[in-house]
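1. turn this into a structure:
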Amino acid sequence: MSKFAITTLLDSVLGKGKINSNDNIAYCCPFCHTSKKKLEVNIVSQHWHCWVCNAAGRKLAVLFRKLNVQREKISRLIQLLDDVEYRPTKTTTDTPVIQLPEEYTPLWKINTKAPEYRNAVHYLKNRGITIYDILKYRIGYCTSGLYNGKIIIPSYDANGSLNYFVGRAYYDTDYKHKNPNTSKDIIGFELHINWKMPIILVEGAFDAIAIKRNAIPLFGKTIPNTLKMRIVEKGVQEIYICLDMDARKQALDTANYFMANGLDVYFVDLPNSDPSELGFKQIKYEIEHTAMLTQEKLMEQKILCNI
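-> Numbers count the residues shown, from 1 in each chain. Down below sits the predicted model:
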């Protein structure tokens, strides 16, 4: 049913297609306007390619956006493609259940006179974290166990299930970070993301909280494949890449990927500080005064970084 519906939707945009084989459909190319059906579309892999003008892409949603198709049709296409997309079956051993530490205590439910509580809250306050942030992100802490002396910041998926958490020491120590040994191929803070709005990519949880607007932490320097695909599938129009200077190469690679998929990309240059160190007002200013990245600017940045 889904494949038939996708074909019908494609026909409504590209004209009547000719089914070849292996889910391939041929259409007249809307870019070079050749009279023969030379634009080949695969409704499972989503790859499309014109054998005359070499127009090509890896996502059908990108093809629709290039043709200025109505947003409703793009949303319908993405919904239908979700039904036919190949996803290998995973067993429970492939995706271990992640849980918060047993010693985790929410910071909004405990005795405010306890010294450890005051130390934890004082640390968060110095990082620009408000009581609203603590409630929104369900921030807690541990006073014993493997995460003793650590602030715990959970991340939840769109269904409200825990998909990761970070532990950060709230006192001076050589071991400031302690995170679970599990896959980072997730979407950080997905529960709070509005896919209809511009997306901001940052490295860490504190960076995302500091920005206070639709920011996704990568929990590292590399964007997870799951997040890459979700951003394209959701039809996000604008994306801001706001990574640290030591992640410049990864930031440029990410920018190149999204530009190739038809997104407007903004490369926010933070030469000396992390987003969490700049504060909300300054990072807001930097984002609002960032120009859209062009291929020429991207090449300039790659040359400067010897990429």
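
2. so what's Met245 scoring on pLDDT?
-> If you check Met245, the pLDDT there is 67.

3. same check, this time on Tyr170
-> For Tyr170, the model assigns a pLDDT of 93.

4. residues contacting it?
-> By CB atoms under 8 Å, 6 or more residues apart in numbering, Tyr170 lies in contact with Asn119, Ala120, His122, Tyr123, Leu124, Tyr141, Gly149, Lys150, Ile151. All C-beta spots, glycine's among them, are computed from the backbone N, C-alpha and C.

5. what pLDDT does the model give the residue located most distally from the centre of the chain?
-> The centre of the chain is farthest from one residue, Ser35, which by CA atoms, centre = their mean lies 39.8 Å away. Residue-level confidence at Ser35 comes out at 84, pLDDT.

6. without its sequence neighbours, what residue ends up closest to it?
-> Leaving aside its sequence neighbours, Ser35 sits nearest to Cys28 (CB to CB, 6 or more residues apart in numbering; 6.9 Å).

7. on the three-state scheme, the residue farthest from the centre of the chain is what?
-> coil (DSSP: H, G, I helix; E, B strand; the rest coil).

8. now do the buried residues in stretch 122-142.
-> Buried positions in stretch 122-142, judged by neighbour count with 16 or more other CB atoms under 10 Å: 123-124, 127-129, 133-134, 137-142.

9. which of those lies closest to Glu286?
-> Gly128 (15.4 Å; CB to CB).

10. how near is the closest one to Pro115?
-> Using CB to CB, to the nearest Å, Gly128 is found at 22 Å from Pro115.

11. repeat that for Asn159.
-> Going from Asn159 to Pro115 by CB to CB gives 37 Å.

12. next one: Val97
-> Taking CB to CB, one finds Val97 at 34 Å from Pro115.

13. tell me who's in contact with Gln46.
-> Arg58, Lys59, Leu60, Leu81.

14. low-scoring stretches of the stretch 201-307 of the chain, by residue?
-> Along the stretch 201-307 of the chain, segments meeting pLDDT under 70 span 245-247, 271-274, 276-277, 279-280, 305-307.

15. in it, mark out all the helices, start to finish.
-> 205-211, 225-233, 248-260, 275-278, 280-288, 295-304 (DSSP state H, counting those that start in this stretch).

16. can you lay out these as JSON lines showing mean neighbour count and distance to His177?
-> Output for the helices of the stretch 201-307 of the chain, formatted as JSON lines (neighbours: other CB atoms under 10 Å; distance: least, CB to CB, whole Å):
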{"stretch": "helix 205-211", "mean neighbour count": "25", "distance to His177": "11"}
{"stretch": "helix 225-233", "mean neighbour count": "17", "distance to His177": "21"}
{"stretch": "helix 248-260", "mean neighbour count": "19", "distance to His177": "19"}
{"stretch": "helix 275-278", "mean neighbour count": "21", "distance to His177": "14"}
{"stretch": "helix 280-288", "mean neighbour count": "15", "distance to His177": "22"}
{"stretch": "helix 295-304", "mean neighbour count": "13", "distance to His177": "29"}
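
17. quick one, which of those helices is nearest to Lys184?
-> helix 225-233 (9.5 Å).

18. which outside residues touch the closest one?
-> 59, 61-62, 78, 81-82, 185-188, 195, 199, 216, 218, 239, 254, 257-258, 261, 263.

19. one step back: save the helices of the stretch 201-307 of the chain as CSV, and put in distance to Leu39 too.
-> Formatted as CSV, those follow (distance: least, CB to CB, whole Å):
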stretch, distance to Leu39
helix 205-211, 40
helix 225-233, 20
helix 248-260, 18
helix 275-278, 42
helix 280-288, 38
helix 295-304, 24
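
20. among those helices, which is nearest Phe267?
-> Among the helices of the stretch 201-307 of the chain, helix 248-260 comes nearest to Phe267, with 5.5 Å by CB to CB.
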